[in-house]
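S.K.: sequence plus predicted model, see below.
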Amino acid sequence: MPSNQSTPIQNNVFAVSVTVKAAQGTEPYLVFNPDPVTLSNQANALIVYSLVSPGYYFPSDGSALVINSADADAEFPIAWLINAATLALGDYNNNAQSYKYTMTVIDALSGAPITTDPSISNTNDE
């Protein structure tokens, strides 16, 4: 069962596992642990996403992680693809807001995208 508590793995770095789930006869979807990613009250966090399901990968065209918020560019300075199964996101954590984002992975066999909308909960209100 996914958790909603985040614990930094080191110096304000948060790990999130991404798993592809699909019941027979249903569309696959992504499960995030934790969801939401709840940051500590320190500024300048790093969120590292690890895709743990074999046979899937993060797309390299910029669609793997998209934050649709008016202040997304000011709050999330950089996202980068480390490899096909690892993605990192910088978060200034300047406020106490929650952000929805869209994450996409690709099924390596079919080429079909799988998209889900989890969230990040910033907690720094300084």
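M.R.: Yep, that arrived. As the structure is a computational prediction, the values presented were derived from the model and not from experiment. Numbers count the residues shown, from 1 in each chain.

S.K.: contacts only, for the residue nearest the centre of the chain.
M.R.: Compute the mean C-alpha point of the chain, and by CA atoms, centre = their mean the closest residue is residue 49, 5.5 Å away. By CB atoms under 8 Å, 6 or more residues apart in numbering, residue 49 lies in contact with 16-18, 58, 65, 86-89, 103. C-beta: built from backbone N, CA, C; applies to glycine.

S.K.: wait, which of these is closest to residue 77?
M.R.: residue 89 (9.3 Å; CB to CB).

S.K.: who's in contact with the lowest-mean-pLDDT helix or strand in the chain?
M.R.: Ranked by mean pLDDT, DSSP states H and E, the helix or strand of the chain with the weakest confidence is helix 72-75, at a mean of 84. Applying CB under 8 Å, 6+ apart, the external contacts of helix 72-75 come out as 69, 91-95, 97, 99, 122.

S.K.: buried sites along that helix?
M.R.: residue 75 (16 or more other CB atoms under 10 Å).

S.K.: show the subsequent helix or strand relative to it.
M.R.: Per DSSP states H and E, helix 72-75 leads on to strand 79-83 as the next helix or strand towards the C-terminus.

S.K.: residues contacting that following strand, please?
M.R.: 48, 58, 60, 64-65, 87-90.

S.K.: try it again at 10 Å.
M.R.: Strand 79-83 is contacted from outside by 47-51, 57-62, 64-67, 86-91, 101, using CB atoms under 10 Å, 6 or more residues apart in numbering.

S.K.: can I get the helix or strand following that strand in PDB, CA atoms only?
M.R.: Sequence-wise, the next helix or strand beyond strand 79-83 is strand 86-91, with elements assigned using DSSP H and E. Presented in PDB, the C-alpha positions along strand 86-91 are these (Å, rounded to 0.1, in the frame of the first residue of the first chain):
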ATOM      1  CA  THR A  86      15.500   7.100 -13.200                       C
ATOM      2  CA  LEU A  87      14.200  10.700 -13.200                       C
ATOM      3  CA  ALA A  88      15.100  13.500 -10.900                       C
ATOM      4  CA  LEU A  89      13.300  16.800 -10.100                       C
ATOM      5  CA  GLY A  90      14.600  19.800  -8.300                       C
ATOM      6  CA  ASP A  91      12.100  21.500  -6.000                       C
END
